[in-house]
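Chemist: the following comprises the amino acid sequence and a computationally predicted model.
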Amino acid sequence: MTIDAQSPALLGAGTSNGREVPINVEEGRRRTIVEGVQPQIDGGRYPIKRIVGDTVVVEADCFADGHDVLSCAVLYRQAGASQWQFAPMTFLINDRWRGSFVVDTVGSYEYTVASWIDRFKTWEHAMEKRIAVGQDIRVDLLIGAELVAEA
């Protein structure tokens with residue numbers, strides 16, 4: 001099994017468990033950086049090798065300016081397919097994130113890492129801090145309701 005480790009430019013929406021998952025990259029992606037993507041060989045010039053049934057574990061350093069909270073995902077597809085599949089990544093430590101996908105058919109695959117500012121997680125994190133110190137959160141609850149309505 002060959003997996004193409006080059007980073008395609010097309011990002012947008014993917015599927016996870018058969019449902020569409022929108023990735024709002026327009027606003028938040030401008031402020032995020034993705035680097036140190038692994039596995040890759042010679043900067044993606046050569047494909048990594050896997051066999052059907054193997055799990056491809058992808059790690060990357062993803063960060064942004066400021067204190068906003070990120071979300072990250074591995075987007076992958078069989079080469080030539082028009083639809084990207086979506087696998088969320090989990091935070092490890094020091095800006096390092098990990099996600100994975102299973103190789104389910106023989107052929108070449110492409111994958112990339114997307115990161116974006118997650119407005120809801122940022123709001124939730126700020127709320128937890130305000131609640132912990134006993135601040136008035138009425139306005140913040142209205143902001144949260146607006147975020148939910150937008151979603």
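Modeler: In hand now; what should we look at?
Chemist: for residue 77, give me its contacts.
Modeler: Neighbouring residues of residue 77 by C-beta atoms under 8 Å, 6 or more residues apart in numbering: 83-85, 109-111. C-beta: built from backbone N, CA, C; applies to glycine.
Chemist: mind running it again at 7 Å?
Modeler: 83-85, 109-110 (C-beta atoms under 7 Å, 6 or more residues apart in numbering).
Chemist: most widely separated two among those residues?
Modeler: Greatest spatial distance in these: 83 and 109, 13.0 Å, computed using C-beta to C-beta.
Chemist: looking only at neighbour counts, state which of the two leads.
Modeler: residue 109 (23 against 11; other C-beta atoms under 10 Å).
Chemist: quickly list what that one is bridged to.
Modeler: residue 3, residue 78 (DSSP bridges).
Chemist: likewise for residue 55?
Modeler: Beta-bridge partners, per DSSP bridges, of residue 55: residue 102.
Chemist: can you report how many residues lie near it?
Modeler: 9.
Chemist: test my guess that it contacts residue 104.
Modeler: No. Using C-beta atoms under 7 Å, residue 55 is not in contact with residue 104, being 10.6 Å away.
Chemist: which residues of the protein fall in strands?
Modeler: Taking DSSP state E as the criterion, the chain contains strands spanning 2-4, 13-16, 19-22, 32-38, 48-49, 55-64, 70-78, 85-88, 90-93, 96-102, 108-117.
Chemist: quick check: mean pLDDT across the fifth one?
Modeler: Right, strand 48-49. Strand 48-49 shows an average pLDDT of 85 in the prediction.
Chemist: neighbours of residue 35, just the number please.
Modeler: Neighbours of residue 35 (other C-beta under 10 Å): 10.
Chemist: who does it bridge with?
Modeler: Going by DSSP bridges, residue 35 forms beta bridges with residue 61.
Chemist: isn't it right up against residue 63?
Modeler: No. Counting by C-beta under 7 Å, residue 35 stays clear of residue 63, with 8.7 Å between them.
Chemist: ok so, going back, can you lay out the strands of the chain as a markdown table showing distance to residue 124?
Modeler: A markdown table is the format used below for these (distance: least, C-beta to C-beta, whole Å):
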| stretch | distance to residue 124 |
| --- | --- |
| strand 2-4 | 35 |
| strand 13-16 | 21 |
| strand 19-22 | 19 |
| strand 32-38 | 18 |
| strand 48-49 | 36 |
| strand 55-64 | 17 |
| strand 70-78 | 12 |
| strand 85-88 | 16 |
| strand 90-93 | 14 |
| strand 96-102 | 18 |
| strand 108-117 | 13 |
